[in-house]
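> Could you work out the structure for the sequence below:
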Amino acid sequence: MASNAVSSRTLVLIVMSIAINMIGGQIVSMLKLPIFLDSIGTMLCALLAGPWAALFTGLLTNLLWGLLSGPIAAAFAPVAMVIGLSCGIMARIGWFRSLPKVIGSGIVITLALTLVAVPIRTYLFGGATGSGADFIVAYVNAIGQNLVKSVAITVIGANLVDKILTAIIAWLLVRGLPLRTQRNFPNMAAVR
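Purely as a prediction, here's the structure:
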């Protein structure tokens, strides 16, 4: 019975996290900002329910987004999965217990997702995906870097700011939850 309660709670968390991801990502997309803010929900899920629930949240977010807006979002589902998995692992090993560690987690998450995002953005989309970061790719390429380096520099630059900011937002939101809610998620011990 307790197992079903945890499963139901986690399922509700995943659904809410997907909605948070899509709202944040849509606002940034409409504004054409060079960041994303589309993984706040995934990181919330990672902090509360662990890496596997967060991986699943990232996957479902991007697949749903792909159905609603086009194939670009679905193509980046592996990136969203890496974000959830790496954030959950960083939380489990205690890297969401203080602000400096949260910032460090954002850096590690960025490096992990870069390994997956650069090939997708470069080889599937020629560096341009319709986001605000396209200008940076074009500029870096125009000043003499090849396309892979231009994309890598852009992915690291845009995601470094984005994932550190996202990690801080998720960490602050989770720490601000009432104690009664925190107790419902055993992964919270890694965040306190």
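> distance of residue 124 from residue 71?
Residue 124 sits 9 Å away from residue 71, going by CB to CB, to the nearest Å. No exception for glycine: its C-beta is placed from N, CA and C like everyone else's.
> Let's check: the centremost residue of this structure is which one?
In the chain, the residue lying closest to the centroid (CA atoms, centre = their mean) is residue 39, at 3.3 Å.
> List the contacts of that one.
Shown in contact with residue 39 (CB atoms under 8 Å, 6 or more residues apart in numbering): 21, 24, 58, 61, 80, 83-84, 163, 166.
> Any chance of a markdown table for those, columns pLDDT and distance to residue 183?
Listed next are those as a markdown table, based on pLDDT from 0 to 100; distance: CB to CB, whole Å:
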| residue | pLDDT | distance to residue 183 |
| --- | --- | --- |
| 21 | 97 | 25 |
| 24 | 94 | 27 |
| 58 | 98 | 26 |
| 61 | 98 | 27 |
| 80 | 98 | 28 |
| 83 | 98 | 26 |
| 84 | 98 | 23 |
| 163 | 97 | 28 |
| 166 | 98 | 25 |
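> just those now: which is nearest residue 92?
Set against residue 92, the nearest of the contacts of residue 39 by CB to CB is residue 84 (12.5 Å).
> Distance of the spatially closest residue to that closest one that is not a sequence neighbour relative to residue 36?
With CB to CB, 6 or more residues apart in numbering as the criterion, residue 84 has its nearest non-adjacent residue at 3.0 Å, and that residue is residue 54. As judged by CB to CB, residue 54 and residue 36 stand 16 Å apart.
> Looking at these two, which is more packed in?
Legend: neighbour count by other CB atoms under 10 Å for residue 54 and residue 36, higher for residue 54 (33 against 25).
> Counting by contacts, list what the helix or strand where the more buried one lies packs against.
Element membership for residue 54 (DSSP states H and E) is helix 51-69. Under the contact criterion of 3 or more CB pairs under 8 Å, 6 or more residues apart in numbering; DSSP states H and E, helix 51-69 touches helix 2-31, helix 40-49, helix 71-75, helix 77-92.
> will you turn the ones you listed into a markdown table that also has mean neighbour count and distance to residue 151?
Formatted as a markdown table, the helices and strands packed on helix 51-69 follow (neighbours: other CB atoms under 10 Å; distance: least, CB to CB, whole Å):
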| stretch | mean neighbour count | distance to residue 151 |
| --- | --- | --- |
| helix 2-31 | 15 | 19 |
| helix 40-49 | 30 | 22 |
| helix 71-75 | 17 | 14 |
| helix 77-92 | 24 | 13 |
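> Export those helices as TSV, with columns for distance to residue 156.
Putting these into TSV (distance: least, CB to CB, whole Å) gives the following:
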stretch	distance to residue 156
helix 2-31	18
helix 40-49	18
helix 71-75	19
helix 77-92	13
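> what's the average pLDDT for the helix or strand hosting residue 181?
For residue 181, the host element (DSSP H and E) is helix 179-183. Averaged across helix 179-183, pLDDT comes to 85.
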